[in-house]
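A.B. asks: Can you look at this prediction? I've put the sequence above it.
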Amino acid sequence: MIQVRRYLGRIKDMIIRGGENVYPREIEEFLFRHPKVTDVTVVGVPDDRFGEVICAWIRLNEGETATAEDIREFCRGQIAHYKITHHVCFEDAFPTTVTGKIQKYLIREQMIARLGLTVQRTA
């Protein structure tokens, strides 16, 4: 029996990195497998070379520590190289709506401001 996996995130959540379509939900599901990760969300942020790069906001389990390189090393050899997160931020909380849904657009805006990026307008 062939197992088909579907990623049902919103289409606007798709990240286009250097011409490759990357679905944040796929990366989030992979990062949830890391033993130190309690919560994760992935967004795309602007990049001059690739158009967009992947940014992961991660909440670690209580009392755990990790570095961005630890997270990237966990991904190497397990997922495609273009799906490995470029920016990794460790946060205590994510911006959410009153119903608890993570507001990815706010995370994207905060990362653009933190990194001093500019959004390129396209056709």
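C.D. replies: That came through fine.
A.B. asks: what residue ranges in this structure are flagged as low confidence?
C.D. replies: In the predicted model of the chain, residues 1-12, 120-123 satisfy pLDDT under 70.
A.B. asks: what bridges to P46?
C.D. replies: Beta-bridge pairing for P46 (DSSP bridges): E52.
A.B. asks: likewise the one 10 residues further on?
C.D. replies: Using DSSP bridges, the bridge partners assigned to A56 are V42, V88.
A.B. asks: need the contact list for it.
C.D. replies: Contact analysis of A56 by CB atoms under 8 Å, 6 or more residues apart in numbering lists I27, E28, L31, V40, T41, V42, I71, T85, H87, V88, C89. For glycine as for every other residue, the C-beta is placed from the backbone atoms N, C-alpha and C.
A.B. asks: these two touch, right, D13 and V22?
C.D. replies: No: in this structure, D13 is not within contact of V22 by CB atoms under 8 Å, at 9.7 Å.
A.B. asks: Of the two, which one has the most company?
C.D. replies: Under the neighbour definition other CB atoms under 10 Å, D13 and V22 were set side by side, and V22 has more, 21 against 16.
A.B. asks: got a list of what the nearest residue to that one once chain neighbours are set aside touches?
C.D. replies: Closest residue to V22 apart from its sequence neighbours, by CB to CB, 6 or more residues apart in numbering: I15 at 4.3 Å. I15 is in contact with N21, V22, Y23, P24, V42, V43, G44, E52, I54, counting by CB under 8 Å, 6+ apart.
A.B. asks: if I look at the nearest residue to the fourth one once chain neighbours are set aside, how far off is F32?
C.D. replies: In other words, P24. Counting by CB to CB, 6+ apart, P24 lies nearest to V42, which is 3.8 Å off, once chain neighbours are set aside. From V42 across to F32, the span is 11 Å (CB to CB, to the nearest Å).
A.B. asks: and the spatially most central residue of the chain, what is it in contact with?
C.D. replies: Centroid-nearest residue in the chain: V42, 2.0 Å away (criterion: CA atoms, centre = their mean). Applying CB under 8 Å, 6+ apart, we find V42 in contact with I15, P24, R25, I27, E28, L31, I54, C55, A56, W57, T85.
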